[in-house]
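K.L.:
sequence and computational prediction follow.
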Amino acid sequence: MAGRLSILIAEDSAADRLLLSTIVTRQGHRVLTAENGLEALQQFERERPQLVLMDAMMPVMDGFEAARRIKAAAGETLVPIIFLTSLTESEALVRCLEVGDDFLAKPYNQVILDAKIRAMDRLRRLQDTVRRQRDLIAKHNEHLVNEQRVAKAVFDKVAHSGCLSAANIRYLQSPFALFNGDLLLAAFKPNGDMHVLLGDFTGHGLPAAIGAMPLAEVFYGMSAKGFSLPEILREMNAKLKRILPVGVFCCATMLNLSFQRRIVEVWNGGLPDGHLLRIASGERVPLVSRHLPLGVLDAGSFNESYEVHALEPGDRIFLLSDGVLETRDAAGQLFGEDRLLQVLDGGAPAEMLFDEVKRSLATFRGEAQDDVSMIELSLVEDGALQRPPLIFTDSGQSSPLDWSASFEFRAETLKRFNPLPFLLQLLMEVQGLRPQAGALYTVLTELFSNALEHGVLGLDSRLKADAEGFARYYQERSQRLQALQDGFVRFGLELLPTVEGGSLRIDIQDSGTGFDVGSMLALQPTAGCLSGRGLRLIHRLAHECHWASDGRGVSVEFRWTAQA
């Protein structure tokens with residue numbers, strides 16, 4: 001049996017009104033009555049009945065007008081209106097259903113009336129349930145959106161805490177959902193090199209962005225400590241493999257851009273080909289994906305090998321996510337790689353290429369099917385970019401002032417271990433050295449590279465006289481390092497307090513045959529743009545620099561003045 005309802009009966013005939021009131025009351029409902037449409041509207045506004053039995057033809061205000069006004073006053077609440085009518089014309093009955101919810105023909109049948117009231121009550125309860133569930137869903141959705149907004153604000157601060165605002169970077173990010181499944185990170189290393197990562201997680205939205213925070217943490221933390229491209233890649237892959245569910249991974253391109261050495265190191269795992277555009281020759285070099293995405297392979301199977309390309313000031317690198325190529329137009333056609341290459345090879349000025357690609361995407365009038373990300377990097381002269389100072393968590397007041405240490409790294413260690421972040425972290429405990437962190441790391445990098453490559457591995461720097469020789473040089477470096485059986489690089493560090501402040505002396509020796517330093521310095525002006533920069537850089541950044549006569553060792557000194 002239906003529950004007790006409050007029912008308004010609007011009928012201008014007193015006899016019919018009494019008859020209906022009696023029937024409805026006996027069915028267990030509360031009855032309200034009105035003699036015309038205006039009185040029915042006033043009764044509804046006062047009492048808010050749950051159902052209305054409305055005569056179609058009444059004085060003052062007819063039932064059709066009263067029904068419209070009652071529906072408007074009820075708003076989202078469903079108040080079923082059953083028209084009471086002796087009309088038999090089809091148009092009149094259709095009008096009853098357009099304005100109300102049902103009709104009952106005179107004379108009244110108690111069984112049919114009861115059935116209609118029950119049916120309308122079920123409809124009313126169903127609509128009320130749907131409305132409550134809608135409001136509950138809306139409330140939950142608002143809560144989730146607010147949570148996502150807070151999470152996104154934190155995520156954006158972490159993801160964009162690097163150097164994406166640097167003058168040599170232009171980028172476009174257009175998320176498919178509130179969270180961007182694409183990840184774009186950039187950070188300076190202590191020696192001034194720039195690490196850049198473009199990642200594309202499986203899917204889009206919050207599930208796709210879930211791995212972004214740990215990935216960004218590894219990227220920024222290890223870049224700030226001076227770790228190399230392969231070391232960061234290994235750590236990121238291992239972390240994603242450990243925390244992501246099966247089937248979720250990150251296609252990524254990561255590169256190290258060296259302004260001092262004028263090279264770019266590139267690793268591409270699963271993203272569309274990037275592109276290196278050489279301004280002088282107009283050559284376009286594809287940066288091909290040669291690896292599986294991050295988070296797929298275990299540590300033993302992961303391949304961190306990368307390609308090295310020589311650069312000249314003005315050369316540009318384009319990286320993009322597959323959302324660019326998979327953008328579709330109204331006909332369902334993909335933007336595709338061919339359209340992208342037409343723009344890149346179209347002869348536009350280098351400084352306009354990024355805008356040309358964006359314009360081409362807009363002209364295509366495509367609708368993104370995924371997160372869309374694109375970045376352009378250009379090589380600028382060393383020192384042209386403003387680099388933020390390194391951030392230290394301690395005050396430096398407990399800085400050690402008088403100590404010495406020595407380290408010898410042998411063949412098996414040299415194959416797998418980069419000692420520079422380890423040494424730099426040790427030296428950054430010295431407060432006086434912190435303002436010189438960039439110069440110190442740069443000199444350590446050049447000295448270690450010289451000892452390893454030219455001393456232990458016996459590589460000839462003159463191979464890097466042109467782009468072809470440059471590629472052969474790094475290929476040979478990789479092969480010789482993997483085949484290395486013996487050899488060493490020794491570091492001697494001595495910290496001494498002075499009247500003015502302090503000094504750091506660094507001695508480096510290697511097991512190589514040595515070389516003629518004087519000849520190398522003399523050859524630098526004519527050795528070509530791809531080699532011979534390291535020695536001059538060391539002399540410029542260190543306070544003192546002395547090479548051993550046999551070319552197998554070097555001693556440099558850094559000094560600082562105590563702060564008042």
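P.N.:
Nice, thanks for sending it over. Residues are numbered from 1 along each chain as shown.
K.L.:
what's the burial count for Gln425?
P.N.:
A total of 11 residues lie near Gln425 under the criterion other Cβ atoms under 10 Å. Placement of C-beta: from N, CA and C, glycine included.
K.L.:
quick one: it is in a strand?
P.N.:
No: counting by DSSP: H, G, I helix; E, B strand; the rest coil, Gln425 is not part of a strand but helix.
K.L.:
and it, how far from Ala73?
P.N.:
74 Å (Cβ to Cβ, to the nearest Å).
K.L.:
and for Lys116?
P.N.:
Distance from Lys116 to Ala73, by Cβ to Cβ: 22 Å.
K.L.:
who has more neighbours, the two?
P.N.:
Using other Cβ under 10 Å as the criterion, Lys116 and Ala73 rank with Lys116 on top: 19 against 13.
K.L.:
mind checking what secondary structure the more buried one has?
P.N.:
helix.
K.L.:
show me the contacts for it.
P.N.:
By Cβ atoms under 8 Å, 6 or more residues apart in numbering, the contact set of Lys116 is 82, 102, 104.
K.L.:
could you dump those into CSV and include pLDDT?
P.N.:
Output for those, formatted as CSV (pLDDT from 0 to 100):
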residue, pLDDT
Ile82, 91
Asp102, 88
Leu104, 86
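K.L.:
export only the CA atoms of stretch 292-309, formatted as CSV.
P.N.:
Output of stretch 292-309 as CSV, limited to C-alpha atoms (Å, rounded to 0.1, in the frame of the first residue of the first chain):
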residue,chain,number,x,y,z
LEU,A,292,61.8,0.6,-23.7
PRO,A,293,59.9,3.1,-21.4
LEU,A,294,60.9,3.7,-17.8
GLY,A,295,59.3,1.3,-15.4
VAL,A,296,59.1,-1.7,-17.7
LEU,A,297,62.5,-3.5,-17.3
ASP,A,298,64.1,-4.6,-14.0
ALA,A,299,67.5,-3.1,-13.1
GLY,A,300,69.5,-5.9,-14.6
SER,A,301,67.9,-5.5,-18.0
PHE,A,302,67.6,-1.8,-18.2
ASN,A,303,69.8,-0.1,-20.9
GLU,A,304,70.9,3.4,-20.0
SER,A,305,73.1,3.9,-23.1
TYR,A,306,72.7,7.3,-24.8
GLU,A,307,73.7,9.1,-28.0
VAL,A,308,76.0,12.2,-28.0
HIS,A,309,75.7,15.0,-30.6
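K.L.:
buried stuff in it?
P.N.:
292-297, 302, 304, 306-309 (16 or more other Cβ atoms under 10 Å).
K.L.:
please apply the same query to stretch 18-30.
P.N.:
Those would be 19-21, 23-24, 27, 29, for stretch 18-30 by 16+ other Cβ under 10 Å.
K.L.:
could you pull out the helices in the stretch 151-300 of the chain for me?
P.N.:
Remark: helices assigned in the stretch 151-300 of the chain by DSSP state H, counting those that start in this stretch are 206-209, 212-224, 229-243.
K.L.:
save those helices as CSV, and put in distance to Asp371 too.
P.N.:
Below are those laid out as CSV (distance: least, Cβ to Cβ, whole Å):
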stretch, distance to Asp371
helix 206-209, 7
helix 212-224, 11
helix 229-243, 18
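K.L.:
Arg170: which of those is closest?
P.N.:
Closest to Arg170 of these is helix 212-224 (Cβ to Cβ; 20.0 Å).
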